[in-house]
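Participant: The amino acid sequence is not available; the structure is as follows:
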Ligand code: DP6
């Protein structure tokens, strides 16, 4: 058994969204999803077995975290400790590398990095798809951060087959731009939001039907490198996910007035001939899929329209690494 390990994982943005669990205990999702890993935003995490401490300790961005936050991490660490029959406390130190005010600190890169570090320190050395079945139970979207490029999280129907698989390395002139609209902590977490939607939204059954078709279509478009189709499917799928929330009880939305202005601007820029397509997650920020070769020109147009908001370009990111 090694004494310490360190890993780095990038965040990912779903083009076909995960929005709802059929098993909240095991984090089995209601539908399969597909994402793009981003180079610009990542987490580095180190883990160390430490017999000098009584219980696990979790440091995030140089600050010791509360009992509650640490317990969440401990439960995740237990998944690995149980496998090797170990109860030794672990010191976890994690740092998020997200440009200031991007509002993109994500549980995806966090649990992917922590899972990869645990995979190494425990000597379990699982392949990434098997590791994703552990990482999933920290945060669903983290499964997809283990690989670079386009990644599918196949929903499966049990713990062992709900896992991530790489689809394409996305090395064909692709980038993503983030327009940070509001970087304050969100009021409804994605976990709560998706649960409320599954339980109460009348629109939910048709979301599942249409996400299933969108996934099939986008995989075909990725296969033929049809960027326009990838973009159009991404844009429609994201909006359909946001639509399910308007059908929930009580209805809710993550969109803010400025988010809508950004969406309108992206449509306008597209009308001028630039290939760009928006998507949004459980927050007001807007992510824009575009050609890497056109990213700077689009960024300039967006900065001009929204001079007070960070507009950040990210290239396609690679998979998790031990460092
Ligand atoms: C809107 O992965 O954060 O970003 O599994 O409960 O931790 P938990 O949820 P999380 O949800 C992500 C939701 C989303 C869409 C997506 O990334 O697929």
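Facilitator: Received, thanks. None of the values given here were measured: they were computed from a predicted structure. Numbers count the residues shown, from 1 in each chain.

Participant: quick one: the strands in the protein?
Facilitator: Per DSSP state E, the chain carries strands over the ranges 4-16, 21-23, 28-29, 33-49, 57-60, 63-64, 90-97, 150-154, 163-168, 175-179, 276-280, 286-290, 311-315, 321-322.

Participant: out of these, which comes closest to the ligand?
Facilitator: strand 4-16 (3.2 Å; Cβ to the nearest ligand atom). The way it works is simple: take the backbone N, C-alpha and C, and place the C-beta from them, glycine included.

Participant: near the ligand, which residues of the stretch 1-150 of the chain?
Facilitator: 14, 17-19, 27, 33, 107, 139-141 (Cβ under 6 Å from any ligand atom).

Participant: before we move on, the earlier item: got the strands of the chain as CSV, with mean pLDDT and mean neighbour count columns?
Facilitator: As requested, these are arranged in CSV below (pLDDT from 0 to 100; neighbours: other Cβ atoms under 10 Å):
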stretch, mean pLDDT, mean neighbour count
strand 4-16, 97, 25
strand 21-23, 97, 15
strand 28-29, 98, 22
strand 33-49, 97, 24
strand 57-60, 96, 19
strand 63-64, 95, 10
strand 90-97, 96, 19
strand 150-154, 98, 23
strand 163-168, 98, 21
strand 175-179, 97, 25
strand 276-280, 98, 24
strand 286-290, 98, 26
strand 311-315, 96, 20
strand 321-322, 98, 14
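
Participant: okay, the ones you listed in JSON lines with distance to residue 208 next?
Facilitator: Shown next, in JSON lines, are the strands of the chain (distance: least, Cβ to Cβ, whole Å):
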{"stretch": "strand 4-16", "distance to residue 208": "12"}
{"stretch": "strand 21-23", "distance to residue 208": "10"}
{"stretch": "strand 28-29", "distance to residue 208": "10"}
{"stretch": "strand 33-49", "distance to residue 208": "12"}
{"stretch": "strand 57-60", "distance to residue 208": "34"}
{"stretch": "strand 63-64", "distance to residue 208": "40"}
{"stretch": "strand 90-97", "distance to residue 208": "32"}
{"stretch": "strand 150-154", "distance to residue 208": "15"}
{"stretch": "strand 163-168", "distance to residue 208": "20"}
{"stretch": "strand 175-179", "distance to residue 208": "26"}
{"stretch": "strand 276-280", "distance to residue 208": "18"}
{"stretch": "strand 286-290", "distance to residue 208": "23"}
{"stretch": "strand 311-315", "distance to residue 208": "30"}
{"stretch": "strand 321-322", "distance to residue 208": "34"}
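
Participant: which regions of this protein sit below the pLDDT cut-off?
Facilitator: Residues of the chain meeting the criterion pLDDT under 70: 1, 99-103, 105, 185-186.
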